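Student: let's see this in three dimensions:
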Amino acid sequence: LAYHKIRVPNFAIVSPGSATKRPRRLRFPLFIKPLREEGSVGIALDSFVDNDEAFEERVRFIHERLNQDALAEEYIEGRELYVSILGNDRLRVFPYREVIFSEVPDGQPKFSTFKAKWDDAYRKRWGIQNIFAESLPNGMNQRVANICRAVYRALRIRGYGRIDLRITPEGEIVILEANPNPNLEREDELAQSAMRGGFSYSRMVQRILTLALTATH
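Tutor: The predicted structure is shown next:
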């Protein structure tokens, strides 16, 4: 993505058996997570670090408890959007979803831990909701759509996918993740966005099947 001039967080991968010290090119605050997990497994409040001691402690936790590489990346402050896309060559971008943290105090980091995604009581306590994003200012809707199409094409995603991003307070769009096989349940982001975009659930599923059967690689 960086080759295509698409902004992503600065990052480093720290493998088990290697030094756990922070690479000098990474500056705090940082976000530490396992390299090969999904659904926010291994992500907790301690994943956000702002000093070297906390950095090394969280890296060791991932190495020892999850037995895998740790991904250390720049923490991006801002609104978090989920952009669902359908298509192979002609791409349909659906209405954006957003995660909000209404009860997390100002100045505190806001991100989706494992509990924030899967523990209903925790979500309620901290006002965590996944909703349709309110309209974005100053042409940002189109900028987001254009960048997400570019990500989808650069990574050769086919059929359907979801691009997760943050918009910083300064209006910069930063790509966090490109998911080539997001959940398809009715209550999940892609299906919700597709239905808001005019697709019935069954039509969405049929369209994905048709795209898979007609895809050329």
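Student: which SS class is the residue nearest to residue 92 when sequence neighbours are not counted?
Tutor: In space, and not counting its chain neighbours, residue 92 is closest to residue 86: 4.6 Å by C-beta to C-beta, 6 or more residues apart in numbering. Where you see a C-beta, it was placed from the backbone N, CA and C, and this is true even at glycine. Three-state assignment for residue 86 (DSSP: H, G, I helix; E, B strand; the rest coil): strand.
Student: my guess is residue 86 meets residue 94, correct?
Tutor: Yes. Here residue 86 reaches residue 94: they are 7.1 Å apart, a contact under C-beta atoms under 8 Å.
Student: find the residue at the geometric middle of this protein.
Tutor: The centroid of the chain falls nearest to residue 164 when counting by C-alpha atoms, centre = their mean (3.6 Å).
Student: next structured bit after the helix or strand encompassing that residue?
Tutor: Element membership for residue 164 (DSSP states H and E) is strand 159-167. Counting by DSSP H and E, the next helix or strand C-terminal to strand 159-167 is strand 173-179.
Student: and that following strand with strand 159-167, angle?
Tutor: Strand 173-179 and strand 159-167 are oriented at 150 degrees to each other (axes from the mean of the first three to the mean of the last three C-alpha atoms, to 10 degrees).
Student: adjacent strands (with direction) for strand 173-179?
Tutor: Sheet partners assigned to strand 173-179 using DSSP bridges are listed as strand 159-167 (antiparallel).
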